[in-house]
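Asker: coords please:
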Amino acid sequence: MPTLQVRDLPSAMYQQIHYLAKKEQKTITEQTISLLQESINEKIGNKNRRKVILKKMEELDFTGEELPRPTKLLREDRER
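Answerer: Okay, here's the model as predicted:
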């Protein structure tokens, strides 16, 4: 299994990892791996969600020309 060494890790961040590891009854290594995996999953998940949304938008064949101008909507809202 590969090894990852982190240099110049801020002390506050180390303390937070240490706190979470103790709270979840994990080693610092286990907790760090868990945090990295969560972050990777979130970033990849966000990218996949954006792809799905963009694909749905393309399928709508929507140019946006049908929408009223924002200034018109604001004016109407203020007049109420």
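Asker: How much space separates residue 55 from residue 49?
Answerer: 11 Å (C-beta to C-beta, to the nearest Å). The way it works is simple: take the backbone N, C-alpha and C, and place the C-beta from them, glycine included.
Asker: let me redo that: residue 42
Answerer: Residue 42 is 10 Å from residue 49, by C-beta to C-beta.
Asker: so after the longest helix seen in the chain, what's the next helix or strand?
Answerer: Of all segments of type helix in the chain, defined using DSSP state H, the longest is helix 28-60. From helix 28-60 onward toward the C-terminus, using DSSP states H and E, the following helix or strand is helix 70-79.
Asker: wait, doesn't residue 21 sit right on residue 27?
Answerer: Yes: when contacts are counted by C-beta atoms under 8 Å, residue 21 is listed as touching residue 27 (6.2 Å).
Asker: Contact partners for the closest residue to residue 28 other than its chain neighbours?
Answerer: Nearest-residue entry for residue 28: residue 21, 5.0 Å, with adjacent residues in sequence omitted and distances by C-beta to C-beta, 6 or more residues apart in numbering. By C-beta atoms under 8 Å, 6 or more residues apart in numbering, the contact set of residue 21 is 27-28, 30-31.
Asker: let's see it at 10 Å
Answerer: Contact analysis of residue 21 by C-beta atoms under 10 Å, 6 or more residues apart in numbering lists 27-32, 34-35.
Asker: among those, which ones are buried?
Answerer: Among the contacts of residue 21, those classed as buried by 16 or more other C-beta atoms under 10 Å are 31-32.
Asker: so which two of the contacts of residue 21 are the farthest from each other?
Answerer: 27 and 35 (12.6 Å; C-beta to C-beta).
Asker: Can you give me the pLDDT of residue 2?
Answerer: Residue 2 is assigned a pLDDT of 92 by the prediction.
Asker: What about it, how many residues nearby?
Answerer: A count of nearby residues for residue 2, using other C-beta atoms under 10 Å, gives 3.
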